[in-house]
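Colleague: Give me the fold of what follows.
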Amino acid sequence: MVEEFEKKKNLIDAELISASKKYGIVSFFRLVSFFGAVILIYMGATGGGSLLGITGVIMAAVFILLLRLHARLDERRTCLNAEKKVTEGYIARLNGEWRSFEDDGSEFLANDDMLSRDIDLLGRNSLYQYISVAHTEDGRRKTALAVSLKNIDPEKIKSRNEAVNELAGKKDFLISFESVTARIAGRKKRKDIKEIDEKKESLPFIVPVMMLLIPLINIAVTVLALTGTIDVRFILLSIFACLIITELFSGIRNRFLYPIHILGNSSRDYYALLQLLKNEEFKSSILKGIRESVVEKDGIMNAIKRLQMISEADNISFNPIIHMVLNGVLGWDFWLTKAADGWNKRFGGSISKCISGVGDVEELSSLAVLSVLGGTTVPKFLDEKDDPKLMINAVKVYHPLIGEEKAVANSAKICGGATVITGSNMSGKTTFLRTLAINMALSYMGANVCADSFSLRYMRLFTSMRVMDDVAGGISTFYAEILRIKEMAEYISHRPSVPAACFIDEIFKGTNSADRIVGAENAIRKLSEGSGFVIVSTHDFELCELKMSDGRDVENYHFEEYYEDEELKFDYKIKDGRCTTRNATTLLKMAGLME
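Modeller: Modelled structure (predicted):
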C-alpha cells in the first residue's frame, strides 16, 4: 500500500517539475512582452510610425494572455503541492508517523467525555488524529462528533457505511477533495462566514442614483468639452469631483463589499469542490443526497460562480490607480455595491449550504481512511433472529492505531453477562479491551472495522480505564472509579432497549486487595444483570470463580508470558480460561528492586 502512494507522489513530483519549468518560461516572456509593449507603444506615439504602435498593441495583448496563462500555471502548482502534501499524509499513516499531525481533535474533547479519553477517540495519539482528513471548521466539528459517537443514529449506520465504502474506493477523488479543503483551512472560520453569508441589509437609495449620475456627469462634461463649450480641463475636474463623491460614500461600499471580499476569498476553492462533486458519480444514498443538495438544487454552483466574478471585480481595488480612475469615471464602487446587494438578495445563504455539504463529505472521507489503508471489513449487526446471548463475535480483530502489520490480532466471542480477563503485567489485557471497544465504536460511526470479520449488537459503550483522581474536587482514584461504575449500574437498572457494553480495566485498583475483591464481586454481579455484557480485567484470580446474578459462572479468558533465553516475552494472544502464571516478581528483579 505504501508503494501505491509513493508512486502517486512521484507522479505529482514529475508534474510539478514540468509545471515549474513552464511557469519560469512564461514568467520570462511575460516580462519581455510587457517592456516590449511599453517601448513600442511609446516609440509609435512619438513619431516612430503606426507600425511600431500597432506592434506594441499586439505585444500588450500577448502580455495579457501570458498574464492569464501565468496565473493558471501558478494555480496548478498550488494544487499539485496540496495533493503532494495529502499523499504524504497517507504515507505517514502507513509508516506510523501520523502522531506528528497537528490536528488531533483536542479542542473537541470535553472534560466529561471519558469514553473518548479511555479508548483514544479524541486527543493526542487518537483515532481522530489518525483518520481525520477534514480541514474546514464544519468538517472538523462533524468528524469529531462522529468519532466521539455524539451524533450517531442507529437507523443510519448502514447507509453511512455504504457511503464510507464508496469513498474508500475513490482514492483520487479523496486526495483531490482534501487538497482543496486544505487550502480553505487558513481562511475565515465557518461561523464568521455563516454570519456574513446570511447578513441582510437594505440598499440605500443613493447607490442606484449615483450609479447613473456619475457616468452621466462625465459624459455631459466630455461632450461639452469636445464641442468647445467648456475648457477641456473640466473633464479632469469632473472626474476628480466624482472620485471625491464616491469616496464620501465609502462606508456604504465597505458594508456591502466586505462580506463579498471575505466570501470571495473562499469562493474559488468552494467552486472547485463543487466541480469535483459534480463530476463524480455516486451510488450510495447519502453521497447522492449531498451531491444533489450542493450541486443540483438552488443554483449553488451558479451562486458561487457569480460571487467569484464580483470578487474578482472587487480585487481591482488592490490597484489604487486603476481603482481611482474607474471610481472617478464610472462610480465603480456604486456598481459593485449594487451587484453585491443583488447577489445577497438572490443567493444569500448559498455559501453556508455549500460549507455544510463539504463538511459532510469530509466527515465521511475521514471514516473511509482506515479502509483506504487496507485491512478492514464491513461489520455485521446482529438482530433478534441470531443467538440472543451473543454480543460480539470477533475474528482476528486488531487495534487500528497499532496497525495491521504490528498489531497482534485476536479472536473472541463475548456473550451476555460477565467476562473476566486475567493475565500477567504487560501481557495485553488492556489493549484487548481497547481493541474491542474502539472497533465497536468504529461500527457505530459507520466505518469499517479492523478485523477479518466482526459481528456485534448495537449497544451503549461504557468504559472505566484511565481513571484519574481529582485533587481539587476531593475525589480519589477509587471513588472516581466507583462513580463510573455507578453510572453503568444505573443505566442497566432502567432496563433500556439499548443494552450496555461495559469495559473495566483493573477493577478497583485504587484500594486494598480485600475491599477490591468484595467490591469487584458485587459490581460484576450488578453489571451482569442487564441484557448486555461487562468485561473486566484483573490480577485478582478470586474473581475467576465468581457467579453472575443469574447463577452462571463468569466467562474466563487470559493472556500469559513465556521465557526465551532467560528473557521475559509475550505473544499477546488471548486464551481460554484463567491465567496460571505471574511475572511481577520477575519484573521487580529485572528492575533491580529484588534479589
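Colleague: And for T477, nearest residue in space, chain neighbours not counted?
Modeller: Spatially, and ignoring its direct neighbours in sequence, T477 is nearest to G510 (3.8 Å; Cβ to Cβ, 6 or more residues apart in numbering). C-beta coordinates here come from the backbone N, C-alpha and C atoms, glycine included.
Colleague: can you check F454 too?
Modeller: With Cβ to Cβ, 6+ apart, the residue lying closest to F454 is P379, at 4.8 Å.
Colleague: wait, S284 sits on E166?
Modeller: Yes - at 4.7 Å, S284 counts as touching E166 under the criterion of Cβ atoms under 8 Å.
Colleague: Any idea what A501 is bridged to?
Modeller: Beta bridges link A501 to L461, F533, judged by DSSP bridges.
Colleague: Isn't it up against L461?
Modeller: Yes - taking contacts as Cβ under 8 Å, A501 lies within contact range of L461: 5.4 Å.
Colleague: So which of those two has more stuff around it?
Modeller: Higher neighbour count among A501 and L461: A501, with 25 against 18, using other Cβ atoms under 10 Å.
Colleague: contacting residues for that one?
Modeller: With contacts defined as Cβ atoms under 8 Å, 6 or more residues apart in numbering, A501 is in contact with 391, 437, 440, 459-462, 532-533.
Colleague: Could you tell me whether L277 really is in a helix?
Modeller: Yes - assigned with DSSP: H, G, I helix; E, B strand; the rest coil, L277 falls within a helix.
Colleague: Make sure I421 is indeed in a strand.
Modeller: Yes - with three-state DSSP as the criterion, I421 is located in a strand.
Colleague: My read is that it contacts V534, right?
Modeller: No - with contacts counted by Cβ under 8 Å, I421 stays clear of V534, the gap being 11.2 Å.
Colleague: Now T538: closest residue in space that isn't a chain neighbour?
Modeller: Closest residue in space to T538, ignoring its immediate chain neighbours: I507 at 5.6 Å, by Cβ to Cβ, 6+ apart.
Colleague: Ok, C415 next?
Modeller: Nearest to C415 is K389, by Cβ to Cβ, 6+ apart, at 4.4 Å.
Colleague: could you measure that neighbour against R457, distance?
Modeller: From K389 over to R457 the distance is 10 Å, taken as Cβ to Cβ, to the nearest Å.
Colleague: Looking at the two, which is more packed in?
Modeller: Taking neighbours as other Cβ under 10 Å, K389 and R457 compare with R457 leading, 22 against 12.
Colleague: Return the per-residue confidence for the more buried one.
Modeller: On pLDDT, R457 comes in at 94.
Colleague: show me the contacts for it.
Modeller: 381-382, 391-392, 499.
Colleague: Confidence-wise, which of these comes last?
Modeller: Among the contacts of R457, L382 has the weakest pLDDT, 91.
Colleague: hang on, that residue packs against K389?
Modeller: No - using Cβ under 8 Å, L382 is not in contact with K389; the gap is 10.5 Å.
Colleague: Now do the contacts for A303.
Modeller: With the criterion set at Cβ under 8 Å, 6+ apart, A303 makes contact with 343, 346-347, 350-351.
Colleague: so which strand or helix has it?
Modeller: According to DSSP states H and E, A303 maps onto helix 300-314.
Colleague: Dump that helix to CSV, restricted to CA.
Modeller: Taking C-alpha atoms only, helix 300-314 is exported to CSV below (Å, rounded to 0.1, in the frame of the first residue of the first chain):
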residue,chain,number,x,y,z
ILE,A,300,-25.5,27.0,-5.6
MET,A,301,-22.8,26.5,-8.2
ASN,A,302,-24.2,29.4,-10.2
ALA,A,303,-24.3,31.5,-7.0
ILE,A,304,-20.6,30.8,-6.2
LYS,A,305,-19.6,31.4,-9.8
ARG,A,306,-21.3,34.8,-9.7
LEU,A,307,-19.7,35.6,-6.3
GLN,A,308,-16.3,34.8,-7.8
MET,A,309,-16.9,37.3,-10.6
ILE,A,310,-17.9,40.0,-8.2
SER,A,311,-15.0,39.2,-6.0
GLU,A,312,-12.6,39.4,-9.0
ALA,A,313,-14.1,42.8,-9.9
ASP,A,314,-13.6,43.9,-6.3
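Colleague: distance between the helix or strand following it and the chain's centre?
Modeller: Next in sequence after helix 300-314, counting helices and strands by DSSP H and E, comes helix 320-330. Helix 320-330 sits 43 Å away from the centroid of its parent chain (Cα atoms, centre = their mean, to the nearest Å).
Colleague: Show me what the very next helix or strand once past helix 320-330 is packed against.
Modeller: Tracing the chain C-terminally past helix 320-330 and defining elements by DSSP H and E, one meets helix 332-347 next. Judged by 3 or more Cβ pairs under 8 Å, 6 or more residues apart in numbering; DSSP states H and E, helix 332-347 is in contact with helix 206-226, helix 233-248, helix 250-279, helix 300-314, helix 320-330.
Colleague: Which stretch among those helices approaches A144 most closely?
Modeller: Proximity to A144 (Cβ to Cβ) singles out helix 250-279 among the helices and strands packed on helix 332-347, at 20.4 Å.
Colleague: what packs against the closest one?
Modeller: Using 3+ Cβ pairs under 8 Å, 6+ apart, helix 250-279 sits against helix 171-184, helix 190-197, helix 285-291, helix 300-314, helix 332-347, helix 350-373.
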